[in-house]
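1. Generate a structure from the sequence data that follows.
(2 chains)
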Amino acid sequence: NAGVTQTPKFRILKIGQSMTLQCTQDMNHNYMYWYRQDPGMGLKLIYYSVGAGITDKGEVPNGYNVSRSTTEDFPLRLELAAPSQTSVYFCASSYRGKDSPLHFGNGTRLTVT
Amino acid sequence: TQLLEQSPQFLSIQEGENLTVYCNSSSVFSSLQWYRQEPGEGPVLLVTVVTGGEVKKLKRLTFQFGDARKDSSLHITAAQPGDTGLYLCAGGGSAGGTSYGKLTFGQGTILTVHP
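-> Numbering: from 1, shown residues only, chains lettered A, B, ... in the order given. Next up, the predicted model:
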């Protein structure tokens, strides 16, 4: 049981480049989330999904896009990367949503230069 | 917008000391979760408290949810070097609201326990 798997672990992008952060979970969870973590700022929600085909914006969605074609996968797309998107990105899933614990992947450390 | 203020931001103590981390808000939360994160890994859930005034114990860790469900604390007794890490509190949606599991995180407390 792998849980939540994120790839890649590290990536360096030049300003204006695009990339997709991959996230997959094998726990059959309906709810999936993307957070970014910056030093001293906790985690901020970027996008979330309550099931295949359903996505919605979180607190900091600008510059990002997501899709949810299957229950297992929830990729995060960065278009036109900017230095402000330098961060550690975490994907998470939960079984029931409200008050359920989040299961996190090990993160992707992204640097935009 | 719901905010969670976590304090202190940094804590450096000697093995065997006790410590308390606080998580405060002006908003009411349906639940409060505490996570621990180690370098290079994602946060891992320690505990969820859902009832005002609830106290939960996990070995040397004691978690409390405020009576009004606006604040929480984490108390560690006789800290050990293995307790070193980043501790995060997270509030689950406004009471009675539809939150879809979205959490509001505090800024985190970096705890270092020296042998």
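2. Next up, the contacts around the residue nearest in space to the middle of chain A.
-> Nearest residue to the geometric centre of chain A (C-alpha atoms, centre = their mean): A:Trp34, 3.0 Å. By C-beta atoms under 8 Å, 6 or more residues apart in numbering or on different chains, the contact list for A:Trp34 reads A:21, A:23, A:45-48, A:58, A:64, A:66, A:74, A:76, A:89-92. Heads up, the C-betas are built off the backbone N, CA and C, glycines and all.
3. And for A:Ser69?
-> By C-beta under 8 Å, 6+ apart, A:Ser69 lies in contact with A:Ala52, A:Gly53.
4. rerun at 7 Å
-> A:Ala52 (C-beta atoms under 7 Å, 6 or more residues apart in numbering or on different chains).
5. Point me to the helix or strand that includes the nearest residue to A:Tyr64 once chain neighbours are set aside.
-> Spatially, and ignoring its direct neighbours in sequence, A:Tyr64 is nearest to A:Ile46 (5.3 Å; C-beta to C-beta, 6 or more residues apart in numbering or on different chains). Assessed by DSSP states H and E, A:Ile46 sits inside strand A:43-51.
6. Would it be right to say that B:Gly93 lies in a strand?
-> Yes. Assessed by DSSP: H, G, I helix; E, B strand; the rest coil, B:Gly93 belongs to a strand.
7. what number of residues lie near residue 3?
-> Just going to use chain A. Other residues near A:Gly3 come to 15 when the count uses other C-beta atoms under 10 Å in any protein chain shown.
8. switch to chain B, that's the one I care about
-> B:Leu3 has 12 neighbours, counted by other C-beta under 10 Å.
9. That one in helix, strand or coil?
-> Classified using three-state DSSP, B:Leu3 is coil.
10. Tell me what A:Val4 is bridged to.
-> Per DSSP bridges, the residues bridged to A:Val4 are A:Gln25.
11. circling back to that earlier point, which parts of the strand holding A:Ile46 are buried?
-> A:Leu43, A:Lys44, A:Leu45, A:Ile46, A:Tyr47, A:Tyr48, A:Ser49, A:Val50 (16 or more other C-beta atoms under 10 Å in any protein chain shown).
12. So for it, mean pLDDT?
-> For strand A:43-51, the mean per-residue pLDDT is 94.
13. host element of the residue nearest to the centre of chain A?
-> Taking DSSP H and E as the definition, A:Trp34 sits inside strand A:31-37.
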